[in-house]
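Asker: need a 3D model of the following:
(2 chains)
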Amino acid sequence: MSGLLDINFFALSGQLLVGLINGSFYALLSLGLAIIFGLLRIINFAQGALYMVGAFAALLGLKYLSLSYWQALIFVPIMVGIFGMLIQVFLIRPIANQDHLYSLLLTFGLALMLQGIFTHLFGSSGLSYPTPEALKGGTRLPFMYLPNYRAWIIAVSVVVCGLTWWAIEKTKLGAYLRAGTENPQLLQAFGVNVPLIITLTFGFGVALAGLAGVLAAPVYSVSPDMGSNILIVVFAIVVIGGMGSIGGAIITGLAMGVIEGLTKYFYPQASSTVIFVVMVIVLMIKPSGLFGKEA
Amino acid sequence: MINRKLLIALLAIGLLAPLAVYPVFLAKLLCFALFAAAFNLLLGFVGILSFGHAAFLGTGGYVTGWLMLNSGLTPELAIIAGTLAGALLGAVYGKLAVKREGIYFAMVTLALAQLTFFIYLQAPFTGGEDGMQGIPRRALFGLIDLSNNTVMYYLVLAIFCFGFWLINRTIHSPFGQVLKAIRENEPRAISLGYDVEKYKWLAFVISAALAALAGGTKSLVFELASLTDVHWHMSGEVILMTLVGGVGTLFGPLAGAALVVTMQNYLSGGELGNYLHIIMGAVFVICVLSFRSGIVGQLQKFKRNNF
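Answerer: Below you'll find the predicted structure:
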């Protein structure tokens, strides 16, 4: 077997694991974007910045409030979600009737501000967050060494994405959300408080970014520009998957992480560009995206 | 129609300004004004938001800079080559991006610009993180030495006037009328039989070429081409300039570029330099919330209401 293609399985599975980790974050972030886009028809450019805020909140909580990782995992997404709802109510709602490009620009401005504030306070070099005690160490599998924390990230991401998908597709609240996506005026006419649903949806989508930030803190270095770097990749992923379906956003996120990991093994020079190249190819073959519904 | 008196007054200011202000600063301002005017051709007159115009600015700068460093070409030929390179890249990216509309268009252009950024980061000819340094200006047409900053400024002024004239011609031509029709109501333009994608694409190519023209000129002014010009921050800055000045107005990008470049120069010198991005972000938010027509847009409204 090794005579045909000289593949180092240890290195390959290591990169595949890194790819799955990245893919977990892509999936969480693009899921948040897709949920927000579904109801509000806007792209939240601050999603990456809020992911960064989530990571910093975990770090600062540990340092100043001795907030444990597990507490951060609960409280930080709630905090980021509330912050997001405030943004939605006070900044996005007033321009909801304008061209949606304006809300993109508004959230871009917010992202610049957040990134600027954190750079000013903490500098641009990365800080590190300790891996929680219970998830230290790893498991030796026959073909690779699997650090527990990395397995945990993938598990959390898959469970959270799965639960979100289930909540949207199978519950009453999810039905409201899907109805609001189809026709908000009609839903409101049935007596549903649509503005409240919009605010809650925005808060939830943003909370997913906060959760991703807490998850990312122990594996990536926590720095002010961690959000903008990942967000542009997530945008490409959103274009690849199309925002027609929640499941599509999750699958595309994970798949692109894996493709990136494979590229890191086979042709490392292209690992930072491969997702953009995939986007170009998808645009040429199926412009509406793999899971896109519109023509 | 453009106000002839205003135009003559502005030109006089442009010609006399080096007497009062440092010419390199003025040249920088005009390069950014041309960049913003090119961007505004898309957002203001076709209604499409490109979030990746830094790719064209940077390409123009790198190609012009590389030719000045590695070939004997005179500056005007190097700038033309940079402009053509930008147009070519714009033709390819435009072809891909016009397949999607609205917010998707913005995301596609942003992602393509990031692709360009990573390529320039790794490509050997750009000098990576260090950029291209010590780009010589040499002599225009082999005759006029550009090493004097004031002479360089007048070249930039001439290039800016050419770009501005071209944009003005474009938006007042029948082609420009179709662009505006697309901006106002795209389905109607389609139903009238216009190949909307082709019109958008051509506008995109013109805009990309002019952005590259600005980038090539800028690399001569600063004798430097670096990754800053290709970074997504730059794509954001040009949006901010256009927004502050007035989207869809002829003079808006000029006013916006003047304001933003002056602000950056002023802030980065003082102790507020650390706050630059925070302030830029705040200006973005304020403009979007309550100042959507921009400086020139507000002035036009004021003029309409009072005269």
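Asker: quick one: the helices in chain A, in order.
Answerer: In chain A, the helices defined using DSSP state H lie at A:9-40, A:47-64, A:69-87, A:100-122, A:148-170, A:172-182, A:184-189, A:194-216, A:226-241, A:246-266, A:274-285.
Asker: and B:Ile13, which of those helices is closest to it?
Answerer: Smallest distance to B:Ile13 across the helices of chain A (Cβ to Cβ): 30.2 Å, for helix A:100-122. The C-beta positions use only the backbone N, C-alpha and C, and glycine is treated the same way.
Asker: spit out the contact partners of residue 140.
Answerer: This is for chain A. A:Leu146 (Cβ atoms under 8 Å, 6 or more residues apart in numbering or on different chains).
Asker: please go with chain B instead
Answerer: B:74-76, B:146, B:155.
Asker: of these, the lowest pLDDT goes to which?
Answerer: Within those, pLDDT reaches its minimum at B:Leu146, with 74.
Asker: tell me, how many residues neighbour it?
Answerer: Neighbourhood size, B:Leu146 [other Cβ atoms under 10 Å in any protein chain shown]: 20.
Asker: for it, what are its contacts?
Answerer: Contacts of B:Leu146 by Cβ under 8 Å, 6+ apart are B:75, B:137-140, B:152, B:155, B:220.
Asker: re earlier: dump the helices of chain A to a markdown table, plus mean neighbour count, distance to chain B and mean pLDDT.
Answerer: Converted to a markdown table, the helices of chain A look like this (neighbours: other Cβ atoms under 10 Å in any protein chain shown; distance: least, Cβ to the nearest Cβ, whole Å; pLDDT from 0 to 100):
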| stretch | mean neighbour count | distance to chain B | mean pLDDT |
| --- | --- | --- | --- |
| helix A:9-40 | 23 | 8 | 88 |
| helix A:47-64 | 24 | 10 | 93 |
| helix A:69-87 | 19 | 10 | 94 |
| helix A:100-122 | 22 | 3 | 90 |
| helix A:148-170 | 17 | 21 | 91 |
| helix A:172-182 | 16 | 15 | 86 |
| helix A:184-189 | 14 | 18 | 87 |
| helix A:194-216 | 24 | 15 | 93 |
| helix A:226-241 | 25 | 4 | 89 |
| helix A:246-266 | 22 | 12 | 89 |
| helix A:274-285 | 19 | 4 | 88 |
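Asker: am I right that B:Leu89 sits in a helix?
Answerer: Yes. Counting by DSSP: H, G, I helix; E, B strand; the rest coil, B:Leu89 is found in a helix.
Asker: ok, for it, nearest residue in space, not its chain neighbours?
Answerer: B:Thr59 (5.3 Å; Cβ to Cβ, 6 or more residues apart in numbering or on different chains).
Asker: before we move on, what SS does that neighbour have?
Answerer: Assigned with three-state DSSP, B:Thr59 falls in the helix class.
Asker: that one is in contact with B:Ile119, isn't it?
Answerer: No. Between B:Thr59 and B:Ile119 there is no contact, the gap being 10.2 Å when judged by Cβ atoms under 8 Å.
Asker: for these two, indicate the residue with more neighbours.
Answerer: When B:Thr59 and B:Ile119 are compared for neighbours, B:Thr59 comes out ahead with 28 against 16, by other Cβ under 10 Å.
Asker: before we move on, the earlier item: which residues does the residue nearest to B:Leu89 contact?
Answerer: Here B:Thr59 is in contact with B:82, B:85-86, B:89, B:116, B:212, B:215, B:230 (Cβ under 8 Å, 6+ apart).
Asker: check B:Ala113 too.
Answerer: B:51-55, B:230, B:232, B:235.
Asker: secondary structure element holding the closest residue to chain A within chain B?
Answerer: When distances are taken as Cβ to the nearest Cβ, chain B reaches nearest to chain A at B:Phe284, 2.7 Å away. Using DSSP states H and E, B:Phe284 falls within helix B:276-290.
Asker: CA-only coordinates of the helix or strand just after that helix, as PDB, when you get a sec.
Answerer: Scanning forward in sequence from helix B:276-290 by DSSP H and E, the next helix or strand is helix B:294-306. C-alpha atoms of helix B:294-306 as PDB (Å, rounded to 0.1, in the frame of the first residue of the first chain):
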ATOM      1  CA  GLY B 294     -23.000  61.800   3.100                       C
ATOM      2  CA  ILE B 295     -21.400  65.200   2.900                       C
ATOM      3  CA  VAL B 296     -22.000  66.000  -0.700                       C
ATOM      4  CA  GLY B 297     -25.500  64.400  -0.600                       C
ATOM      5  CA  GLN B 298     -26.400  66.600   2.300                       C
ATOM      6  CA  LEU B 299     -25.100  69.700   0.500                       C
ATOM      7  CA  GLN B 300     -27.100  68.900  -2.600                       C
ATOM      8  CA  LYS B 301     -30.200  68.500  -0.400                       C
ATOM      9  CA  PHE B 302     -29.500  71.800   1.200                       C
ATOM     10  CA  LYS B 303     -29.100  73.500  -2.100                       C
ATOM     11  CA  ARG B 304     -32.300  72.000  -3.500                       C
ATOM     12  CA  ASN B 305     -34.300  73.100  -0.500                       C
ATOM     13  CA  ASN B 306     -32.900  76.600  -0.200                       C
END
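Asker: list the buried residues for helix B:294-306?
Answerer: B:294-297, B:299-300 (16 or more other Cβ atoms under 10 Å in any protein chain shown).
Asker: could you dump those to CSV with pLDDT and distance to chain A?
Answerer: Below are those laid out as CSV (pLDDT from 0 to 100; distance: Cβ to the nearest Cβ, whole Å):
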residue, pLDDT, distance to chain A
B:Gly294, 84, 12
B:Ile295, 87, 17
B:Val296, 87, 18
B:Gly297, 86, 14
B:Leu299, 86, 21
B:Gln300, 86, 19
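Asker: closest to A:Val222 among those?
Answerer: Nearest to A:Val222 among the buried residues of helix B:294-306, with distances taken as Cβ to Cβ, is B:Gly294, at 37.2 Å.
Asker: ok, and the closest non-adjacent residue to the closest one?
Answerer: B:Gly246 (3.0 Å).
Asker: distance of that neighbour relative to B:Ala257?
Answerer: From B:Gly246 across to B:Ala257, the span is 12 Å (Cβ to Cβ, to the nearest Å).
Asker: mean confidence for stretch B:231-251?
Answerer: 90.
Asker: that stretch: how far from the chain's middle?
Answerer: 8 Å (Cα atoms, centre = their mean, to the nearest Å).
Asker: show me where the stretch 51-200 of chain B has strands.
Answerer: Counting by DSSP state E, counting those that start in this stretch, the stretch 51-200 of chain B has these strands, from start to end: B:132-133, B:139-140, B:144-145.
Asker: can you put these in CSV and add mean pLDDT?
Answerer: Output for the strands of the stretch 51-200 of chain B, formatted as CSV (pLDDT from 0 to 100):
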stretch, mean pLDDT
strand B:132-133, 84
strand B:139-140, 75
strand B:144-145, 76
